[in-house]
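Trainee: Provide a 3D model corresponding to the input given below.
(one chain, ligands or ions: 2)
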Amino acid sequence: MAASVAFDPATQARPRGRPVYELHGVSKTFTRRNVQALDKVDLLLTEGSFSAVIGPSGCGKSTLLKIMAGLLPPSEGSVVLEGKPVTGPRRDIGMMFQQATLFPWLTTIENIVLPIEIRDGKAAARAAYDKARSLLELVGLSGFERVYPNELSGGMAQRAAICRMLITEPAVLLLDEPFSALDELSRDFMNMEMQRICLERNATAFLVTHSIPEAVILSDVVHVMSARPGRFIESVAIDLPRPRTLDMMTGPRFGALVQRIRSHLDQGAFT
Ligand SMILES: Nc1ncnc2c1ncn2[C@@H]1O[C@H](COP(=O)(O)OP(=O)(O)O)[C@@H](O)[C@H]1O
Ligand SMILES: [Mg+2]
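Mentor: Ligands and ions are numbered 1, 2, ... in the order given. Alright, predicted model coming up:
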């Protein structure tokens with residue numbers, strides 16, 4: 001069984017898609033504390049694919065995402081997005097973190113258009129209200145435009161944060177444990193929402209998560225990262241059909257894939 005799900009992501013992940021992100025030999029050492037966080041990570045994301053990285057706490061997942069987003073420079077290696085090296089934050093990248101971090105003094109819709117305001121000014125932000133409303137509709141938040149974040153539940157705030165990420169129409173979504181603060185039911189629901197949004201927009205997505213079932217239900221490929229310094233020890237192709245549904249999580253194929261990834265626990269990846 002092992003051989004049937006192990007594969008080389010550089011050649012077999014969504015073969016039809018064109019390359020969007022290409023990482024070669026990305027390493028990172030934080031020199032001030034002399035901590036090596038990443039060790040020679042290679043990664044290919046093709047257009048419209050959904051990939052996840054799973055690994056123990058502190059293994060370098062967030063560091064990898066920050067390097068991909070251009071928020072941190074790698075110590076070695078190259079990061080190329082849409083054929084151009086990533087040297088700083090870019091418009092074609094959307095990011096989402098564990099906490100929604102909506103500004104409490106802005107209404108929901110003001111929070112959502114904020115990236116436009118920062119980028120293009122107040123007039124452009126006002127002109128983006130219609131788009132913000134249709135995004136709110138997309139995530140089931142119609143009618144909450146003028147509500148302040150303290151009146152939103154955790155799940156609603158995360159949905160608003162999805163809208164804020166999508167308002168600039170990024171081609172690539174970088175997701176750092178975006179739903180891990182939610183209860184299990186809301187999290188399952190948000191995962192299905194995220195799948196729907198990505199399929200509708202043909203977005204290329206990269207998810208950092210602690211949850212093996214979450215990684216499996218969402219992804220075309222799951223990269224298992226070793227303990228620090230993080231490197232990919234296996235990339236597991238997830239050959240479940242799309243669209244995925246929550247009832248797939250009780251099926252034997254899903255169980256086998258989860259087990260395959262979990263087996264790395266025994267091999268010391270998570271110690
Ligand atoms: N800015 C930084 N300066 C020094 N060390 C850091 C910095 N950011 C992260 N680290 C260290 O790098 C390692 C990987 O961190 P991180 O990427 O946040 O892990 P993960 O997201 O997998 O939990 C950890 O040991 C962490 O303490
Ligand atoms: Mg992290």
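
Trainee: On the three-state scheme, residue 44 is what?
Mentor: strand (DSSP: H, G, I helix; E, B strand; the rest coil).

Trainee: is it true that it touches residue 24?
Mentor: No - contact between residue 44 and residue 24 fails when scored by CB atoms under 8 Å: they sit 9.4 Å apart. Every C-beta, even on glycine, is put in place using the N, C-alpha and C of the backbone.

Trainee: Residue 192 and residue 167: what is the separation?
Mentor: As judged by CB to CB, to the nearest Å, residue 192 and residue 167 stand 21 Å apart.

Trainee: Between those two, tell me which one has more neighbours.
Mentor: residue 167 (21 against 16; other CB atoms under 10 Å).

Trainee: Just give me the neighbour total for residue 137.
Mentor: Residue 137, neighbours per other CB under 10 Å, totals 12.

Trainee: Tell me which helix or strand it sits in.
Mentor: Secondary structure assigned from DSSP states H and E places residue 137 in helix 129-138.

Trainee: could you say what helices and strands that helix packs with?
Mentor: helix 108-120, helix 154-166 (3 or more CB pairs under 8 Å, 6 or more residues apart in numbering; DSSP states H and E).

Trainee: Same question for it: list its buried residues.
Mentor: 131-133, 135-136, 138 (16 or more other CB atoms under 10 Å).

Trainee: secondary structure element for the residue located most distally from the centre of the chain?
Mentor: When distances are taken from the C-alpha mean of the chain, residue 123 lies farthest, 30.4 Å away, according to CA atoms, centre = their mean. Assigned by DSSP H and E, residue 123 belongs to helix 122-127.

Trainee: From the rest of the structure, what touches that helix?
Mentor: 113-114, 116-117 (CB atoms under 8 Å, 6 or more residues apart in numbering).

Trainee: now that helix, how far from the centre of its chain.
Mentor: 28 Å (CA atoms, centre = their mean, to the nearest Å).

Trainee: how about the CA coordinates for it, as PDB?
Mentor: Extracted C-alpha coordinates of helix 122-127, given in PDB (Å, rounded to 0.1, in the frame of the first residue of the first chain):
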ATOM      1  CA  LYS A 122      -9.900  55.400   0.200                       C
ATOM      2  CA  ALA A 123     -11.700  55.900  -3.000                       C
ATOM      3  CA  ALA A 124     -10.700  52.500  -4.300                       C
ATOM      4  CA  ALA A 125     -11.800  51.000  -1.000                       C
ATOM      5  CA  ARG A 126     -15.300  52.600  -1.400                       C
ATOM      6  CA  ALA A 127     -15.500  51.300  -4.900                       C
END
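
Trainee: Enumerate the positions of that helix that are buried.
Mentor: residue 125.

Trainee: Flag every buried residue along stretch 179-196.
Mentor: 179, 182, 186-195.

Trainee: How far off centre is stretch 113-131?
Mentor: Worked out by CA atoms, centre = their mean, stretch 113-131 lies 24 Å from the chain centre.

Trainee: May I have the distance across that stretch, first residue to last?
Mentor: Stretch 113-131 stretches 9 Å from its first residue to its last (CA to CA, to the nearest Å).

Trainee: And for stretch 46-54?
Mentor: 19 Å.

Trainee: With stretch 165-179 instead?
Mentor: Stretch 165-179: ends 14 Å apart by CA to CA.

Trainee: which parts of it are buried?
Mentor: 165-168, 170-179.

Trainee: mind putting the residues you listed in a markdown table, secondary structure included?
Mentor: What follows is the buried residues of stretch 165-179, written out as a markdown table (three-state DSSP):
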| residue | secondary structure |
| --- | --- |
| 165 | helix |
| 166 | helix |
| 167 | coil |
| 168 | coil |
| 170 | coil |
| 171 | coil |
| 172 | strand |
| 173 | strand |
| 174 | strand |
| 175 | strand |
| 176 | strand |
| 177 | coil |
| 178 | coil |
| 179 | coil |
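
Trainee: Take these and write them to CSV, including distance to residue 35 and pLDDT.
Mentor: As requested, these are exported to CSV (distance: CB to CB, whole Å; pLDDT from 0 to 100):
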residue, distance to residue 35, pLDDT
165, 29, 90
166, 34, 88
167, 35, 91
168, 33, 88
170, 30, 90
171, 32, 86
172, 27, 94
173, 28, 96
174, 22, 96
175, 24, 96
176, 19, 95
177, 20, 92
178, 25, 89
179, 28, 87
